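Asker: can you look at this prediction? I've put the sequence above it.
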Amino acid sequence: MREKGELKFIGVVEVADQEEAKVRIFTEFCDALKGIVSFSHVIILYWFHLRDNEKERSVLQVVPRRHTKNVKVGVFACRSPSRPNPIGVCVVKLVKVEGCTLTVKGLDAFEFSPIIDVKPYTPRGDAVPNAYTPEWLSH
């Protein structure tokens, strides 16, 4: 099994504010957006570039922020940006597509975050009926 792979960033977050974000896909990958406008939501995978250092990548357990219960969990059991591979994932509403730029709502990435991938959100494949979460996650 290969221990190393190659990751190509396909774009970058150009604007990230509370209302809308703009994700620019690099020109060489722009053709891959064909048909994306037909979806109401997309999944954005991005790189936590501000956490890409040895210290943050060695974090294995955290107390998740924004939760009422203080419980320490492994980074694979939460959405902490500190993790061995600093990859973020977010389901966002696709507002519009202009050329190689996606305007989206709900992106939790920062400006200049590199984009790893864009995938269409499909309710049949992505929504899981009867899914459950641990009690500490409920508010």
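Answerer: Sure, I can see it.
Asker: what residues sit buried inside stretch 86-103?
Answerer: Within stretch 86-103, the residues scored as buried using 16 or more other Cβ atoms under 10 Å are 86, 88, 90, 92, 94, 97, 100, 101, 102, 103. Any C-beta I mention is one placed from the backbone N, CA and C, and that applies to glycine too.
Asker: spatially central residue for this structure, please.
Answerer: With distances taken as Cα atoms, centre = their mean, residue 89 lies nearest the centre of the chain, 2.2 Å away.
Asker: find the residue closest to that residue in space, skipping its chain neighbours.
Answerer: residue 45 (5.3 Å; Cβ to Cβ, 6 or more residues apart in numbering).
Asker: any idea which helix or strand carries the one you found?
Answerer: Using DSSP states H and E, residue 45 falls within strand 41-47.
Asker: any idea how the chain splits into domains?
Answerer: What automatic domain parsing lists as the domains of the chain is 7-48+90-119, 50-85.
Asker: what is the mean pLDDT for the strand holding residue 45?
Answerer: Averaged across strand 41-47, pLDDT comes to 98.
Asker: for the protein, what's the longest strand?
Answerer: strand 87-98 (DSSP state E).
Asker: which secondary structure elements does that strand contact?
Answerer: Contacts defined by 3 or more Cβ pairs under 8 Å, 6 or more residues apart in numbering; DSSP states H and E place strand 87-98 against strand 41-47, strand 101-105.
Asker: any chance of those strands in CSV, with distance to residue 17 too?
Answerer: Formatted as CSV, the helices and strands packed on strand 87-98 follow (distance: least, Cβ to Cβ, whole Å):
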stretch, distance to residue 17
strand 41-47, 15
strand 101-105, 10
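Asker: and residue 54, which of the ones you listed is closest to it?
Answerer: Closest to residue 54 of the helices and strands packed on strand 87-98, according to Cβ to Cβ: strand 41-47, at 15.7 Å.
Asker: list the buried ones in the least confident helix or strand in the chain by mean pLDDT?
Answerer: In the chain, no helix or strand scores lower on mean pLDDT, DSSP states H and E than helix 123-126, which sits at a mean of 91. The neighbour-count check on helix 123-126 (16+ other Cβ under 10 Å) flags nothing as buried.
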